[in-house]
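sequence first, then the predicted structure, then my questions.
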Amino acid sequence: MERKKVAEEKGLPPLPQAEAGKVVTRFPPEPNGHLHIGHAKAAIINQEYARMYEGRLILRFDDTNPAKERLEYYEAIREELEWLGVEPDLVKNTSDDIETLYEHAERLIRLGLAYVCTCRVEEIRRGRALGLECPCRKRSVEENLSLWDGMLKDFGENEAVLRLKGDMKAKNTVLRDPTLFRIVLKPHPLKGTAYRAWPTYDFSAPIEDSLDGVTHAMRSKEYELRDELYYTILDALGMRKPILVEFSRLALRGTPLSKRRIRPLIESGKVSGWDDPRLATILALRRRGITPEAIRRFVIEMGVSKVESEPTWDLLYSMNRKLIDPKSKRLHFVPDPIRMKIENAEERVVRLRCHPSVDLGFRELRVKDEVYIAKGDAERLKVGDRVRLIGLYNVRIEEVGDEISASYAGESPIDLPKIQWVGEDRVGFRVLIPKELFRDGEFNEDSLEVSDGFAESAVEGLEIGEVFQFVRFGFCRLDSKGVAIFAHK
RNA sequence: GCUCCGGUGGUGUAGUCCGGUCAAGCAUAGAGGCCUCUCGAGCCUCAGACCCGGGUUCAAAUCCCGGCCGGAGCACCA
């Protein structure tokens, strides 16, 4: 039986109740750190859906906690998204809508659906845990209005919060009179000290989504219990309700993603910064030569499933490799160089193609009577062996040791092991090789391997940021003069 | 502990809503072969999975019940 082979485009499943031209999605990062591949998943999925339905994508900075937001991250996040190829149709900040948010809060108070609570934090927490209402809940609308005014004008932190009159007996504890506004006196990076009452995510997200015209609000699974609250708030205010879609958080084997886990690594010096090549931040992936398209394919492959999975880097590498292979120049690098003296060698200059099948030009290598080969290769050689120096000629091994003596052994490359080498035109070169940061939950002290050696001088013609392949070594990206970062085999 | 959400080969997914076309597709990793002056790419082949137990049904990966395992939430963070 013959089966037709269909090379189908990998895509996302259809969105529920989605109409072409009417879909609005949104990516709402908090400007308190750099993006990582988990954010990329959310951003890309939202963008893909907007694109799939010829809709719009909103980038909204959920900057409602002045204590955490930092000015530098607004721009950093935009740049990282741009690099990823995520181009929002609209960029906005939740903090710009704070007055509107106040109005909705006041409406809620007037409707008798929210109250100002002046209990102490611990009491509120205890009441929520036990399902107990507090006396503040009984305040009149007038009293609430006047206290709310105090929250806006002169209350200090921890003096009062605005709470939703939910259901203190609800099984879903999120519904037990959650906090809608709290007071934060720390200056906001964009608004300074103009406001003291700041909405919580639970309040701002549904209202912003509704007002922004978002039709499908996608968020990761940890918010699932908050769906009910999200809809409760919109119902209370009689506002349009977006469709909520959840998907599992992306995890990568051996790699911390959350800011909570990355920050200590940076602060303790275990990694060099947000762009340390061992991390899965956008900055780090870019620095290693992982392409935006590979990241896109990778996260689409994960899709919107709610299954918790822990993919390995392999899949990402494989996707990246296929994308960069046809574009990457081939060059020689010999880590831990060992000198090989060659008897009867005639001096020559060889022209080597920069790519076996694509025309990426060529380079010329001069050879006299010695070359350097990688220690790893040298250790495998025994007297009498014949090996092919790629693109040059064959040699026969005459003596092994700290140096190798060999002799010229013909031109035919057939059926001989092939190794890369460098000749007269060589420069010292370093490659940083990132490995898994954590193994079995333990920090891997050897997670960043440094490989020093000789590269052929042609590396000096590479641009910083260029991705290339060291033959039989792997794909790398030039990070600075004389230093590259290993991407993958 | 309570409440939710999940569980398809080593890994990641498709299929599950609307039971049969699924003796389960694809990718990745693995094995073997071809090709190649790279341990890369490409081509071919092989091997590998429906968490467990009941039930419903002519028929269950798909529906129901119970269990087991994993994750998340239980903040004046988002």
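Here it is on my side, so go on.

how's chain A carved up into domains?
Annotated domains of chain A cover A:16-247, A:259-327, A:329-488 [automatic domain parsing].

figure out which of the ones you listed is closest to A:R253.
Between A:R253 and the domains of chain A, the shortest separation by Cβ to Cβ is 4.7 Å, and it involves domain A:259-327. (Each C-beta comes from the backbone N, C-alpha and C, glycine too.)

would you list the domains of chain A in a markdown table and tack on mean pLDDT?
As requested, the domains of chain A are exported to a markdown table (pLDDT from 0 to 100):
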| stretch | mean pLDDT |
| --- | --- |
| domain A:16-247 | 96 |
| domain A:259-327 | 95 |
| domain A:329-488 | 96 |
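
wondering if stretch A:359-367 reaches RNA strand B at all.
No - Stretch A:359-367 is not in contact with RNA strand B by Cβ under 7 Å from any atom of the strand; minimum separation 10.5 Å.

mind listing what's buried along that stretch?
A:360, A:363, A:365, A:367 (16 or more other Cβ atoms under 10 Å).

what is the nearest of the residues you listed to RNA strand B?
Nearest to RNA strand B among the buried residues of stretch A:359-367, counting by Cβ to the nearest atom of the strand, is A:L360 at 10.5 Å.

mind listing what the closest one touches?
A:L360 makes contact with A:327, A:329-330, A:353-354, according to Cβ atoms under 8 Å, 6 or more residues apart in numbering.

turn the buried residues of stretch A:359-367 into TSV, columns for secondary structure.
TSV is the format used below for the buried residues of stretch A:359-367 (DSSP: H, G, I helix; E, B strand; the rest coil):
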residue	secondary structure
A:L360	coil
A:R363	strand
A:L365	strand
A:V367	strand
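
before we move on, back to that, now, the most widely separated pair of the contacts of A:L360?
Maximum pairwise distance among the contacts of A:L360 (Cβ to Cβ): 14.3 Å, between A:K327 and A:R353.

what's the next secondary structure element after the lengthiest helix in chain A?
Counting by DSSP state H, the longest helix found in chain A is helix A:37-52. Once helix A:37-52 ends, the next helix or strand along the chain (criterion: DSSP states H and E) is strand A:56-61.

may I see the buried residues of the next helix-or-strand element following that following strand?
Next helix or strand after strand A:56-61 toward the C-terminus (DSSP H and E): helix A:71-84. Across helix A:71-84, burial judged by 16+ other Cβ under 10 Å covers A:73-74, A:76-78, A:80-81, A:83-84.

which residues of the stretch 1-150 of chain A lie near RNA strand B?
A:13, A:28, A:30, A:62, A:64-65, A:68, A:119-121, A:124-125, A:128-129.

if I look at the residue of chain A most remote from its centre, how far off is RNA strand B?
Note on chain A: the largest C-alpha distance from the chain mean falls to A:N344, namely 53.9 Å (Cα atoms, centre = their mean). Using Cβ to the nearest atom of the strand, to the nearest Å, one gets 18 Å for the distance from A:N344 to RNA strand B.

what residues are up against that residue?
A:407-408.

so which bits of the stretch 251-400 of chain A are right by RNA strand B?
A:301-312, A:314-315, A:317-318, A:321-322, A:325-326, A:330, A:355-357, A:374, A:376-377, A:388, A:390-392.

relative to strand A:56-61, how tilted is the longest helix of chain A?
Here helix A:37-52 points in a direction 150 degrees away from that of strand A:56-61 (axes from the mean of the first three to the mean of the last three Cα atoms, to 10 degrees).

all helices of chain A, in order?
Here chain A has its helices, by DSSP H, at A:37-52, A:71-84, A:98-110, A:121-130, A:141-153, A:201-211, A:227-237, A:259-267, A:282-288, A:292-302, A:313-324, A:375-378.

and the contacts of the fourth one?
The set of residues external to helix A:121-130 that reach it, using Cβ under 8 Å, 6+ apart, is A:117, A:119, A:132-134, A:158, A:161, A:163, A:168, A:173, A:176-177, A:179.

cutoff 7 Å now
A:117, A:133-134, A:158, A:168, A:173, A:176-177 (Cβ atoms under 7 Å, 6 or more residues apart in numbering).

put together JSON lines for those residues, with neighbour count on each row.
Listed next are those as JSON lines, based on neighbours: other Cβ atoms under 10 Å:
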{"residue": "A:C117", "neighbour count": "22"}
{"residue": "A:E133", "neighbour count": "14"}
{"residue": "A:C134", "neighbour count": "18"}
{"residue": "A:N158", "neighbour count": "11"}
{"residue": "A:M168", "neighbour count": "17"}
{"residue": "A:T173", "neighbour count": "13"}
{"residue": "A:R176", "neighbour count": "23"}
{"residue": "A:D177", "neighbour count": "23"}
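
sort out for me which of these are in strands.
A:C117 (DSSP state E).

surely A:F27 is in contact with A:N46?
Yes - contact criterion Cβ atoms under 7 Å: A:F27 and A:N46 qualify, at 4.9 Å.

leaving out the residues flanking it, which one is nearest to A:F247?
Leaving aside its chain neighbours, A:F247 sits nearest to A:V304 (4.1 Å; criterion: Cβ to Cβ, 6 or more residues apart in numbering).

residues contacting the one you found?
Listed by Cβ under 7 Å, 6+ apart, the contact set of A:V304 reads A:12-13, A:45, A:245, A:247.

just among the residues you listed, which is most surrounded?
A:I45 (22 neighbours; other Cβ atoms under 10 Å).

can you tell me how far it sits from RNA strand B?
From A:I45 to RNA strand B the distance is 12 Å (Cβ to the nearest atom of the strand).

that older thread, quick check: the two most widely separated of the residues of the stretch 1-150 of chain A next to RNA strand B?
A:P13 and A:R120 (47.4 Å).

for the contacts of helix A:121-130, which one is nearest A:A294?
Of the contacts of helix A:121-130, the one sitting nearest to A:A294 (Cβ to Cβ) turns out to be A:T173, at 40.6 Å.

can you count the residues close to the residue nearest to that closest one when sequence neighbours are not counted?
Nearest residue to A:T173, sequence neighbours excluded (Cβ to Cβ, 6+ apart): A:R128, at 6.4 Å. The local packing of A:R128 (other Cβ under 10 Å) involves 20 other residues.

ok, now A:T281?
Using other Cβ under 10 Å, A:T281 is surrounded by 28 other residues.

same question, A:E246
A:E246: 16 neighbours (other Cβ under 10 Å).

ok, what's across the strand from A:L432?
Judged by DSSP bridges, the bridge partners of A:L432 are A:V450, A:I485.

hang on, isn't it packed against A:S447?
No - A:L432 lies out of contact with A:S447 (Cβ under 7 Å); the separation is 10.7 Å.

strands of the stretch 351-489 of chain A, start to end?
Under the criterion DSSP state E, counting those that start in this stretch, the stretch 351-489 of chain A contains strands at A:362-367, A:370-374, A:386-389, A:394-399, A:404-408, A:418-419, A:426-434, A:438-439, A:442-443, A:448-456, A:467-470, A:474-480, A:483-488.

need the ones you listed in CSV with distance to A:A20, can you?
Formatted as CSV, the strands of the stretch 351-489 of chain A follow (distance: least, Cβ to Cβ, whole Å):
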stretch, distance to A:A20
strand A:362-367, 50
strand A:370-374, 56
strand A:386-389, 58
strand A:394-399, 63
strand A:404-408, 67
strand A:418-419, 54
strand A:426-434, 43
strand A:438-439, 44
strand A:442-443, 49
strand A:448-456, 48
strand A:467-470, 37
strand A:474-480, 39
strand A:483-488, 38
